[in-house]
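[1] quick one, fold the following:
(chains A and B)
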Number of protein chains: 2
Amino acid sequence: MTDLPFDIGSLHDAYAGGLTPRQVVETALARLAAADDPGIFIHLADRDALLAQADALGGFDPARLAAMPLWGIPCAVKDNIDVAGMPTTAACPDYAYLPERDSTAVARLRAAGALVLGKTNLDQFATGLVGLRSPYPIPRNAVDPALVPGGSSSGSAVAVARGIASFALGTDTAGSGRIPAGLNNIVGLKPTVGAISAAGVVPACRTLDCVSVFALTVDDAWAAFAAMAAADPADPYSKSVAVPAAPARPAALTVGVPAPADQRFFGDGDMGACYAAALEALAGLGCRVVELPFADFYATADLLYEGAWVAERYAAIDGFIADHEDALHPVTRTIIGGARKLSAVDAFKGLYALQGYRAKLAPVLASVDLLCLPTAPTHYTVAEVEAEPIATNSRLGTYTNFVNLLDMCGMAVPAGSRADGRPFSLTLLAPAGQDALCAGLARDIHRAGGCTLGGTDWAQPDGAIPAGADPAAGEQIELVVFG
Amino acid sequence: MTDLPFDIGSLHDAYAGGLTPRQVVETALARLAAADDPGIFIHLADRDALLAQADALGGFDPARLAAMPLWGIPCAVKDNIDVAGMPTTAACPDYAYLPERDSTAVARLRAAGALVLGKTNLDQFATGLVGLRSPYPIPRNAVDPALVPGGSSSGSAVAVARGIASFALGTDTAGSGRIPAGLNNIVGLKPTVGAISAAGVVPACRTLDCVSVFALTVDDAWAAFAAMAAADPADPYSKSVAVPAAPARPAALTVGVPAPADQRFFGDGDMGACYAAALEALAGLGCRVVELPFADFYATADLLYEGAWVAERYAAIDGFIADHEDALHPVTRTIIGGARKLSAVDAFKGLYALQGYRAKLAPVLASVDLLCLPTAPTHYTVAEVEAEPIATNSRLGTYTNFVNLLDMCGMAVPAGSRADGRPFSLTLLAPAGQDALCAGLARDIHRAGGCTLGGTDWAQPDGAIPAGADPAAGEQIELVVFG
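    As a prediction, the model looks like this:
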């Protein structure tokens, strides 16, 4: 049983065959022990309480899956999202508080039958894309321990990639739900802003924050997303978004990509080659690739940390930082402290600049169905990030920082391995509300690639080339790019 | 000819009868001279150039009205809106510049055949609702010279109310397009934010600013609005809004009003009595009145000057104010200078508070078709405002300040006279995009009341009770409330 893949379909099949939720929880905890990585979780659920919750689910009944689509599914929750009875630290121990109530997202997961294993590590206050900005031990990348785990949702991504949790919640303001997915060979669903309530989540930038989902497959990420997505009076930024039962896409799609001159890989030839091959392979999935100028996307991205939005990070913790500045991670303190010199005039000028880019980019985005980008432009090792903590982090956000500012949704999806064996990930992006479109194409890319799941050797539950694809092109994908 | 009403229909009828645009311009200038009010215009068009423009229109041809619906119609433009070749002062002489190009709004008016008489006085930098915050002479209220003219679009409202211009452009951030309309017995159309481009307009609060229209009748305001409304790449906040050829409303409407305990008249019994009677009379127009709690609307309004939005006013002129603070009107300097103490954190906290109110009020607004409010809660004389310049101004904004923050559109419409002979005005408000709905009900209210136009003794061009109305109730309206 310790080899049982933890994708939702495999677990439900196993439940149908007599497996119990208690056994799944024990397996999850055994895998965590075997991983020997004290950096993944900041807080684990009390073992007896968790087993009692598992037992309380009773016997498996497939008829209950309509109402409880996550019945008996183990998940992990980033430690800036409240789970009743577990401390919320946001990776800052002095900030910790004990919430009495679940966040709305977690409450909806539990109502759908999920079991919360614990709270996962993160870049402190969700500020970072590297996963090293935490006072806790750093989670090890599940694919290549030399690489950073990615952040800010480091522990959640690693927990899924190691097969400990079937899925995990992250948050995503600048890429925190996509970069760690890309670095750990799993799926990262970054919903439309507001699609999942942020009530009970420690804010990073309240106007931009999303609760996100890490999973082994697109279908699993979608199932968790669908269980959570709903407008919530407790979060004024939440809103109703169309969530069909399954990801869906038209057979033919127009896919925007950065013009070659605007592609940024910071000298990483492997990443550039993989991306070029991936775009070639998209034709086999019915996609027409259109090159777009990308300077305005990058300029939008620059607003996030160079503009006034850092003040949102300060606003989120201003009562705390006033008295506990020394409690912050040094890098986090440097970044968030930068907000002190920003005036309200700066903030509004930032909003004007953003509106300018939104207006300029609206017709560009309207000219395609979605964008297909590298999730990250290059990989960094732990040593490289430690040597240059801010610049490396910024570069990792090349293809992610502009997304929430432009009110887009997206999904990071494994698209094969590089020549050096490190993971290669694509991110699909579309305007707000098009979550199902991104997931639909991501699903086909993932299946076409047929790569194993996360850091495990598990095959995809259904590795078949999708029905609509050209078999020859599918073959090419598998061999040349995604394979 | 000097008695010719300047509503658009009357002018076009007169043109059909042989009147020339040159004669209309001469009449307008003669009326301005007769008004003997140096406070209305800051800058008048060069007489010869204006007459040449009038002559250049050629002979009247009704077939051209489809393409040029404002053919030969004299208008005035608030002096924070660029007209090529006329200085833009924003009522701050030291700030003045000479634009080479028309603002988008003015360019569209001219393309539709309108003739620009000149630039009108305003509360400096469009900051104020009283009309007294200008270094130029103060325009006299066209109905009762003891009253303030209202602002910030003081000169535009008075120019229309005196029959000098058929319509005039204002701007409206906090009520500047509605309060002066109410105080001068004319119509004030405050469009959906972005419906008319703000390119070439001196900003007040860029995220909230609207170009607005003053006119003698709803149909005239609508005609000018329809000529200007269009998305404009030069204004990132502009957007396409549905603009039917004529205002339209369903026969039956649900109209929200403040619950009696939430109505604010600051001791002005006349205003309260007029409002109560007006709500009674709405039944005759097919409206069902629903009382709503109004505390959250007022709390939203408080954000505009007590929250961070003052920083937008500072941002609009920060290059100027740094070196020319002494050039500002003392009251304006006090208000806008307040932005200096506001941080970017304050700005974002303001945005969060606003989003909170938007979310709370969304179901309230969804429960009705539109709101019907007093345009202002009370009247103030020039002497009263001079004695207490900020508090009186704030009170005037009771029913206007929240509107743009909540992304609503609206129209102020004359609804009769008070017992003391001062004007009584209603404002209709609806969510963004419902401009035609507001105008449709406003038109019926105006016609039902049958009051004369502005400060003139001109009858409405079509004073008939609308077809759908209950004749008995209509009678009651005319006698008791609107008459």
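
[2] name the next helix or strand downstream of the helix or strand where A:L303 lies, please.
    Using DSSP states H and E, A:L303 falls within helix A:295-306. Where DSSP H and E defines the elements, the next helix or strand beyond helix A:295-306 is helix A:310-316.

[3] which neighbouring elements make contact with the helix holding A:L303?
    Helices and strands touching helix A:295-306, by 3 or more CB pairs under 8 Å, 6 or more residues apart in numbering or on different chains; DSSP states H and E, are helix A:344-366. In short, each C-beta sits where N, CA and C put it, glycine included.

[4] swap in 10 Å and give it another go.
    Contacts defined by 3 or more CB pairs under 10 Å, 6 or more residues apart in numbering or on different chains; DSSP states H and E place helix A:295-306 against strand A:253-258, helix A:310-316, helix A:344-366, helix A:389-396.

[5] state the distance from the closest residue to A:G177 other than its chain neighbours to A:N80.
    Nearest residue to A:G177 in three dimensions, chain neighbours excluded: A:S212, at 2.8 Å (CB to CB, 6 or more residues apart in numbering or on different chains). According to CB to CB, to the nearest Å, A:S212 and A:N80 sit 12 Å apart.

[6] about what we covered before: format the helices and strands packed on helix A:295-306 as a markdown table; extra columns: mean pLDDT.
    Listed next are these as a markdown table, based on pLDDT from 0 to 100:
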| stretch | mean pLDDT |
| --- | --- |
| strand A:253-258 | 98 |
| helix A:310-316 | 96 |
| helix A:344-366 | 97 |
| helix A:389-396 | 96 |
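
[7] need these in TSV with mean neighbour count, can you?
    Below are those laid out as TSV (neighbours: other CB atoms under 10 Å in any protein chain shown):
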stretch	mean neighbour count
strand A:253-258	20
helix A:310-316	25
helix A:344-366	19
helix A:389-396	20
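
[8] in JSON lines, list those along with distance to B:A90.
    Output for the helices and strands packed on helix A:295-306, formatted as JSON lines (distance: least, CB to CB, whole Å):
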{"stretch": "strand A:253-258", "distance to B:A90": "42"}
{"stretch": "helix A:310-316", "distance to B:A90": "29"}
{"stretch": "helix A:344-366", "distance to B:A90": "18"}
{"stretch": "helix A:389-396", "distance to B:A90": "40"}
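
[9] dump those into a markdown table; add distance to chain B as well.
    Formatted as a markdown table, the helices and strands packed on helix A:295-306 follow (distance: least, CB to the nearest CB, whole Å):
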| stretch | distance to chain B |
| --- | --- |
| strand A:253-258 | 20 |
| helix A:310-316 | 3 |
| helix A:344-366 | 3 |
| helix A:389-396 | 20 |
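
[10] figure out which of those is closest to B:L51.
    Closest to B:L51 of those, according to CB to CB: helix A:344-366, at 39.6 Å.

[11] quick one: end-to-end distance for stretch A:31-49.
    19 Å (CA to CA, to the nearest Å).

[12] now it: buried residues?
    Residues of stretch A:31-49 classed as buried under the neighbour-count rule (16 or more other CB atoms under 10 Å in any protein chain shown) are A:31-32, A:35, A:37, A:39-45.

[13] now A:C92, nearest residue through space, not along the chain?
    In space, A:C92 comes closest to A:Q124 once its chain neighbours are excluded; the distance is 5.3 Å by CB to CB, 6+ apart.
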